[in-house]
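[1] Pasting a predicted model and its sequence here:
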Amino acid sequence: MIKAVAVITVSDTCFKDNSKDESGPALCHLVKKLFPDSNLHTIIVPDEREMIERELKYFCDSNLDLILTTGGTGLSPRDVTPEATKVVIHKEIPSISVALTLESLKKTPMAMLSRSVAGLRDKTLIVNLPGSKKAVLECFEVIKPILPHAIALVRNELSEVRTIHDSLQFSHLCPHRSNVDITKIALRPRASPYSMIEMAEACKIVDSVMGQWNEMLEIVPLDQALGRVVAQPLRAKEPMPPFPASVKDGYACLSTDGVGPRKVNAAITAGDAPTTPLCMGECVRINTGAALPAGADCVVQVEDTKLLLASDDGVTELEIEILIAPEPGQDVRPVGFDIAMGATLVDKGESIDAAKIGVLAGAGYQSVTVRVGPTVALMSTGNELQEPSELKLRPAHIRDSNRAMLSALLKEHGYQSIDCGICRDSPEELVAGISAALTKADVLVCTGGVSMGEKDLLKPVLLNDFGATLHYGRVRMKPGKPSTFATCQFEGKTKFIFALPGNPVSAYVCCLLFVIRGLRVCSGKRGSWPRLRAKLAHGVALDPRPEYARADIDVSQDDDMPTVKLLGNQCSSRLLSACGASVLVELPAASPAHPRLPAGAIVPALVTGTLHNSAV
Ligand SMILES: Nc1nc2c(c(=O)[nH]1)N[C@H]1C(S)=C(S)[C@@H](COP(=O)(O)OP(=O)(O)OC[C@H]3O[C@@H](n4cnc5c(N)ncnc54)[C@H](O)[C@@H]3O)O[C@H]1N2
Ligand code: MOO
Ligand SMILES: [Mg+2]
């Protein structure tokens, strides 16, 4: 926020006759337009170096944000404004002077004779401008774009700097013109032009549109394959176990020998390769997982044997007795018992979990071919939004919570996203922001600006500037009614856009029900969430729209049906209602006959989070 500005006219003539000063008032007018809330000080001083210095210092010491001088920058003997300024400033900013000269040179070669200086004294920015009114007006246009930012930087007003950065972020990109006319606010539609479709229809649309995602493949190392969907069947290239293996710690025997004494002729532990075949009347001591010697067809556990003879030092077993007659194959895992050679370990379309990682590692796979899903960009929209990292909230602003939440929600379900920042609510900024995001990603998930306000411009921009097809623009659901799904052609590719409502809970629920659903479909999985039946722990009033209530499910009771408890006030802005939610309870729309559901009513619950034992 710019608080105070001084305009100093430096001119002997104007000092004598104030009415001759045209440049000072012209400059004041421009300053007032740029910083309407600022305090503006004006003064006229003669071309006297000490006086100029004194006034500059006075205003700097009064902690003004900006001092603009006009006059005294030329070559006449009395032109000393730059000299006075140089004495006052601590840091020169030569590029401002260069920019002024370059721009002025486009108008007149006389600009070469101007010696404007710009710089900082403490936290005050001082810029010398020429004396003529025309030159002042032109030069002010040159510095206008950088003044707020420069002053915010000097004042270390990080949030202001960020906002200016944000607004400049997209303005360098593409020709960001928009075909959306926002001038005729009074004539805006008073009813939404987008028909409201049912939830089932919206899900069907997401499934069918996202199902068009072109399958692409990549090879990833096994340790990065968790959660990925395999693109071709992965088969066992060797049997498991690759040798007949003992299931017990005991003695490998010939089952035909039955009960009775055995000579212990060797000991085989896991990893030893047996060398001598077993003969009748013999056994070998063997451990779990060790390879049976040739001839052996069973293992007798140590508990079913008795020691008959050992070496005097007790180190070596010489003879044992088998107490229970073994069956052929007893406690032996034959070759391929766990996995036969050629068996399918993971089929095409299955996603890789921890056990499959183990199976594949055990089968010697070091990398796997998996499907590549679309890349996802996240963008928030809203003039009221600040970065969460900013120290101070500006009046009427809030921190952007949607991007952080959605990024984490996607990650929780296995999807990475690209952060595309905050975009302001203007058609041009939206065109630039959406273009930038679509350049980086296949799917854009943005929040805000999809309802009925004059700043809700997402849908018109998508339609008019991106030629998008709106697959739906409203869904009969709570929260998330204005949820929007569109596709468009951009740089020769189909792009998918989920424009979610700005309310944090609406964004959360719609991300689960539409975005993650769509991403799952892209990777060949079923989009829908697992659904349980559960008992309401308490009565609930129903909304006219079917509602997805965030709830905790208690699966700890002995009762065969779990119970669900809604997580407090369910309004769309209260993200606390989603904290710790393991399920979304599907509440039906209210009807005159059924305005509420009583405690104990059985409701479907979508398992969108982690089930935990809430009794613990
Ligand atoms: N006249 C009508 N007004 C509204 C309707 C309607 O049908 N007619 N629908 C309401 C419903 S339902 C919803 S949901 C919201 C959706 O609004 P928008 O998608 O247009 O979102 P915004 O207006 O930009 O913001 C709404 C709300 O959310 C806050 N917000 C936005 N972005 C973020 C963010 N990144 N982090 C945190 N909070 C955010 C914003 O400040 C607003 O409070 O419209 C209703 N209005
Ligand atoms: O649909 Mo809105 O999300 O109720 O608040
Ligand atoms: Mg809105």
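    Thanks, I have it. Ligands and ions are numbered 1, 2, ... in the order given.
[2] looking at the protein, which helix or strand does the model trust least?
    Evaluated with mean pLDDT, DSSP states H and E, the helix-and-strand set of the chain has its lowest mean pLDDT in helix 158-169, which scores a mean of 58.
[3] For the residue of the chain found nearest ligand 1, give its distance to residue 449.
    Taking Cβ to the nearest ligand atom as the measure, the point where the chain comes nearest ligand 1 is residue 502, at 2.7 Å. For the C-beta atoms, the positions are set from N, CA and C on the backbone; glycine is no exception. Distance, residue 502 to residue 449, by Cβ to Cβ, to the nearest Å: 7 Å.
[4] Quick check: neighbours shared by those two?
    Common neighbours of residue 502 and residue 449 (criterion: Cβ atoms under 8 Å, 6 or more residues apart in numbering): 381-382.
[5] Just say helix, strand or coil for the residue of the chain closest to ligand 1.
    coil (DSSP: H, G, I helix; E, B strand; the rest coil).
[6] Which residue, other than its chain neighbours, is closest to it?
    If the residues on either side of it in the chain are set aside, residue 502 comes closest to residue 448, at 3.2 Å by Cβ to Cβ, 6 or more residues apart in numbering.
[7] didn't that neighbour look like it was pressed against residue 504?
    No: the pair formed by residue 448 and residue 504 falls short of the contact definition of Cβ atoms under 8 Å, at 10.3 Å.
[8] so what's in contact with these two at the same time?
    residue 402.
[9] The two: who's more crowded?
    Residue environment comparison for residue 448 versus residue 504 gives the larger neighbour count to residue 448, 29 against 23, counting by other Cβ atoms under 10 Å.
[10] tell me which element residue 534 is part of?
    Counting by DSSP states H and E, the secondary-structure element that holds residue 534 is strand 531-536.
[11] which residues touch the helix or strand just after that strand?
    Using DSSP H and E, the helix or strand that follows strand 531-536 in sequence is strand 540-541. If you take Cβ under 8 Å, 6+ apart as the criterion, strand 540-541 is touched by 549, 566, 587, 590, 595-597.
[12] try 6 Å this time
    Strand 540-541 is contacted from outside by 596-597, using Cβ atoms under 6 Å, 6 or more residues apart in numbering.
[13] Tell me the strands beside that strand, with direction?
    On the basis of DSSP bridges, the sheet neighbours of strand 540-541 come out as strand 596-597 (antiparallel).
[14] The helix or strand hosting residue 318 pairs with which strands, parallel or anti?
    With secondary structure defined by DSSP H and E, residue 318 is part of strand 317-322. In the sheet, strand 317-322 lines up against strand 260-268 (antiparallel), strand 305-310 (antiparallel) (DSSP bridges).
[15] which of the ones you listed is buried the deepest?
    Each of the strands paired with strand 317-322 was scored by mean neighbour count; the highest is strand 260-268, a mean of 16, by mean count of other Cβ atoms under 10 Å.
[16] Now that strand: average pLDDT?
    Across strand 260-268, pLDDT averages out at 97.
[17] same question, stretch 373-380
    The average pLDDT within stretch 373-380 is 97.
[18] which other residues reach that stretch?
    Counting by Cβ under 6 Å, 6+ apart, stretch 373-380 makes contact with 213, 400, 402-403, 406-407, 417-420, 422-423, 433, 437, 440-447, 519, 522-523, all of which sit outside it.
[19] Residue numbers of the stretch 351-500 of the chain in contact with ligand 3?
    Contacts of the stretch 351-500 of the chain with ligand 3, taken as Cβ under 5 Å from the ion, map to 451, 453, 456.
[20] ok, now the chain?
    Taking Cβ under 5 Å from the ion as the contact definition, the chain meets ligand 3 at 451, 453, 456.
[21] hang on, the earlier thing: for the strand holding residue 534, which residues meet the burial criterion?
    Neighbour counts using 16 or more other Cβ atoms under 10 Å place 532, 534-536 of strand 531-536 among the buried residues.
[22] Just the CA coordinates for that strand, please, in PDB.
    What follows is strand 531-536, C-alpha atoms only, in PDB (Å, rounded to 0.1, in the frame of the first residue of the first chain):
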ATOM      1  CA  ARG A 531     -19.200 -48.400  -1.300                       C
ATOM      2  CA  LEU A 532     -20.200 -49.700   2.100                       C
ATOM      3  CA  ARG A 533     -23.500 -49.800   3.900                       C
ATOM      4  CA  ALA A 534     -23.400 -48.100   7.300                       C
ATOM      5  CA  LYS A 535     -25.700 -47.000  10.000                       C
ATOM      6  CA  LEU A 536     -26.100 -43.300  10.800                       C
END
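[23] and the residue nearest to residue 363 when sequence neighbours are not counted, what does it touch?
    Distances taken as Cβ to Cβ, 6+ apart put residue 236 closest to residue 363, at 5.2 Å, once the chain neighbours are dropped. Neighbouring residues of residue 236 by Cβ under 6 Å, 6+ apart: 339, 341, 343, 345, 363.
[24] In this structure, where is pLDDT below threshold?
    With pLDDT under 70 as the threshold, the chain has low-confidence stretches at 1, 157-175, 559, 613-616.
[25] and residue 116, what does it touch?
    Counting by Cβ under 6 Å, 6+ apart, residue 116 touches 73, 97, 100, 128.
[26] Please work out how many residues are found near residue 95.
    11.
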